[in-house]
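In: just to be clear, the model below is a prediction. Sequence and coordinates:
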Amino acid sequence: MYLVTGAGGQLGRALTEEFAGDELVALSHADWDVALPPPPELGRPDLVLHAAAWTNVDGAEDDPQGASAVNVGGTANAASLGAPIVYYSTDYVFDGTKREPYLESDGPSPQSAYGRSKLHGEAAAGANAWIVRSSWLFGPTGNNFVRTMLRLGAERDEVSVVDDQRGSPTFVGHLAAATRQVIDLPFGTYHVAADGDVTWAEFAEAIFEEAGLGTRVRRITTEELGRPAPRPAYSVLRSEKGAPTLPHWREGLRETLAAIRKADRAE
Ligand SMILES: NC(=O)c1ccc[n+]([C@@H]2O[C@H](COP(=O)([O-])OP(=O)(O)OC[C@H]3O[C@@H](n4cnc5c(N)ncnc54)[C@H](OP(=O)(O)O)[C@@H]3O)[C@@H](O)[C@H]2O)c1
């Protein structure tokens, strides 16, 4: 049996779809708060796809202990099930000072409470783990940049978006599909992010273009936006260890917009 944690989140949903043909137990936050020990009736899964996490980056600055309880303690609890585990980690474990892609051999140096909690979570996953670092996740459900831009684009003629952070926006469906290939690799850390890279402002322009919205993007700096948590200025991830390569972010964007249109038609 495969277990998905955080099954209500954007990646958790994509994993639940991707592994639907396998014997699967998908637990949302309401089913299992991973900060607590696993429910005894769960038994021992064959594989844990651990998508539950504290993902509120700015909120973690105010409550680093809360973030650690989920991202470190929750991961230890998931690993305590005794099965091999896929732990999803983040580009925010890096400080963003490089100007060429971060490889698995680059040393992490997280600048935020969220990044630190995710890095400690990597260790808490234990030895029988694939650490899958990805970046800038988006998909048709949940809280993500694409959905935020679509909402703002429908309301406004212009939106202000930061233009001094560069990364690879990754479609959760592509990451879920690649997870099948990751579990054929030896345990270890792998960088799995979309092909191509953009700034948030460039990504916003592509979203408006693909969605057929005329919204203008005003390019601002991270300093102007003034968010509480520091973010890496550059966090493109690439693999030197033969991790699966993903399609370009624009393909993921098109798939996401198509899925959103389909869901809107069904309503
Ligand atoms: N989002 C990104 O840009 C990004 C980038 C790189 C890596 N990642 C990593 O990828 C993974 C999936 O992220 P995502 O984007 O899918 O995040 P998400 O949409 O916020 O999903 C996370 C899920 O975990 C659940 N959760 C939170 N606390 C929990 C707890 N104590 N017990 C059980 N479930 C809990 C949340 O439920 P509630 O909403 O009910 O709290 C939510 O359904 C995470 O490990 C994240 O760190 C994300």
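Out: Structure received.
In: ok, the nearest residue to residue 53 once chain neighbours are set aside - contacts?
Out: With sequence-adjacent residues excluded and distances taken as CB to CB, 6 or more residues apart in numbering, residue 53 is closest to residue 71, at 5.6 Å. All C-beta atoms are positioned from the backbone trio N, CA, C, and that covers glycine. Under the criterion of CB atoms under 8 Å, 6 or more residues apart in numbering, the neighbours of residue 71 are 53, 54, 114, 117, 118, 120, 121.
In: residues near the residue in the chain that the ligand sits nearest to, how many?
Out: The chain approaches the ligand most closely through residue 9 (2.0 Å), counting by CB to the nearest ligand atom. When neighbours are defined as other CB atoms under 10 Å, residue 9 has 24 of them.
In: likewise for the one 4 residues further on?
Out: The burial count assigned to residue 13 is 23, neighbours taken as other CB under 10 Å.
In: counting neighbours, which of the contacts of residue 71 comes out on top?
Out: Counting neighbours by other CB under 10 Å, residue 118 leads these with 31 neighbours.
In: who's in contact with stretch 22-31?
Out: The list of residues contacting stretch 22-31 from outside it, by CB under 8 Å, 6+ apart, reads 1-8, 12, 15-16, 42, 45, 52.
In: so who does residue 187 touch?
Out: By CB under 8 Å, 6+ apart, the residues touching residue 187 are 84, 127, 128, 129, 130.
In: what sits against the closest residue to residue 247 other than its chain neighbours?
Out: Beyond its immediate neighbours in the sequence, the residue positioned closest to residue 247 (CB to CB, 6+ apart) is residue 174, lying 5.7 Å away. For residue 174, the set of contacting residues under the criterion of CB under 8 Å, 6+ apart consists of 194, 246, 247, 251, 252.
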